[in-house]
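A.B. asks: 3D model of this:
(chains A and B)
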Amino acid sequence: DQQVKQNSPSLSVQEGRISILNCDYTNSMFDYFLWYKKYPAEGPTFLISISSIKDKNEDGRFTVFLNKSAKHLSLHIVPSQPGDSAVYFCAASRGQGAQKLVFGQGTRLTINP
Amino acid sequence: NAGVTQTPKFQVLKTGQSMTLQCAQDMNHEYMSWYRQDPGMGLRLIHYSVGAGITDQGEVPNGYNVSRSTTEDFPLRLLSAAPSQTSVYFCASSLAGVPYSNQPQHFGDGTRLSIL
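C.D. replies: Below is the predicted model of the structure:
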């Protein structure tokens, strides 16, 4: 029973364009959502987060949008850069801030020059 | 800054062997956790600890033991290794969270474990 789903295993985007990564969740008790970025042979690194009391959070080139009614969140990267090529994981938690994370399967983003 | 350090980076075991995966953090974080990553399944929580002397089970705890005798260390023990435990294991730590606080977990670089 996958509570957090990333339905696109891979995404290819031209350098300079917008990358949009999507994530859906089923558990309405989740109240905190995070995006992690992972390079090969390294651990995931935190990118950006959003709490359920907000619908948007921005940090430089990265923006996360949360649609609670649709149980959907997305990560926008503008403009996309070659260094953004990585696997992106969406994660969710309930009631404890960023602990006890439930992860999606990940989306491999490739930025083409 | 070492952050979260995991050892070893790679290990091959035979079915039935036991071993301990080490995890240490130098950030004085209260919260530590272990995840495993399998192809197509993302990361799944095995065990976690909210402080020294306190541990609890995550989503996939069977076949694993943990203990937390110090704030810095959180070892994961495989009691009798099985091929189904072939995976990449990640340790993570964070400050104890309060709702809506931005205290993300910091991950180590992982231990790649193969059980033959």
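A.B. asks: For residue 65, name its beta-bridge partners.
C.D. replies: Chain wasn't specified; assuming chain A. Beta-bridge pairing for residue A:65 (DSSP bridges): residue A:56, residue A:74.
A.B. asks: nope, chain B please
C.D. replies: Under the criterion used (DSSP bridges), residue B:65 bridges to residue B:77.
A.B. asks: wait, doesn't it sit right on residue B:57?
C.D. replies: No. Counting by C-beta atoms under 8 Å, residue B:65 does not reach residue B:57; the two are 10.5 Å apart. C-betas here are computed from N, CA, C, even on glycine.
A.B. asks: what's the pLDDT at residue B:39?
C.D. replies: Per-residue confidence (pLDDT) for residue B:39: 85.
A.B. asks: hmm, I was thinking of residue B:31
C.D. replies: For residue B:31, the model assigns a pLDDT of 91.
A.B. asks: Quick one: residues contacting it.
C.D. replies: Going by C-beta atoms under 8 Å, 6 or more residues apart in numbering or on different chains, residue B:31 touches A:99, B:48, B:49, B:50, B:51, B:93, B:94, B:95, B:96, B:97, B:105.
A.B. asks: And for the third one, the neighbour number?
C.D. replies: Think residue B:49. By the criterion of other C-beta atoms under 10 Å in any protein chain shown, residue B:49 has 20 neighbours.
A.B. asks: For it, give its distance to residue A:59.
C.D. replies: Note on residue B:49: its distance to residue A:59, by C-beta to C-beta, to the nearest Å, is 29 Å.
A.B. asks: Tell me who's in contact with the residue in chain A sticking out farthest from the centre.
C.D. replies: Distance to the chain centre peaks in chain A at residue A:113, reaching 22.6 Å (criterion: C-alpha atoms, centre = their mean). Taking C-beta under 8 Å, 6+ apart, we find residue A:113 in contact with A:15, A:82.
A.B. asks: about what we covered before: looking at the contacts of residue B:31, which has the most residues close by?
C.D. replies: residue B:105 (30 neighbours).
A.B. asks: wait, doesn't that residue sit right on residue A:100?
C.D. replies: No. Assessed by C-beta under 8 Å, residue B:105 is found out of contact with residue A:100, at 9.9 Å.
A.B. asks: Please enumerate the shared neighbours of these two.
C.D. replies: Contacts common to residue B:105 and residue A:100, judged by C-beta under 8 Å, 6+ apart, are residue B:33.
A.B. asks: what are the ranges of the helices in chain A?
C.D. replies: Ranges of helices within chain A: none, based on DSSP state H.
A.B. asks: Would you tell me which residues of it are close to chain B?
C.D. replies: For chain A, the contact set with chain B under C-beta under 8 Å from any C-beta of the partner chain comprises A:4, A:6, A:9, A:31-32, A:34, A:36, A:41-46, A:49, A:51, A:53, A:89, A:91, A:95-106.
A.B. asks: ok, for residue B:23, nearest residue in space, not its chain neighbours?
C.D. replies: Spatial nearest neighbour of residue B:23, excluding adjacent residues (C-beta to C-beta, 6 or more residues apart in numbering or on different chains): residue B:91 at 3.4 Å.
A.B. asks: for the one you found, helix, strand, or coil?
C.D. replies: strand (DSSP: H, G, I helix; E, B strand; the rest coil).
A.B. asks: Can you give me the neighbour number for it?
C.D. replies: Counted with other C-beta under 10 Å, residue B:91 comes out at 29.
A.B. asks: Tell me the bridge partners for it.
C.D. replies: residue B:34.
A.B. asks: got a pLDDT number for the residue nearest the centre of chain B?
C.D. replies: By C-alpha atoms, centre = their mean, the mean C-alpha position of chain B lies nearest to residue B:34, the distance being 2.4 Å. On the pLDDT scale, residue B:34 is placed at 97.
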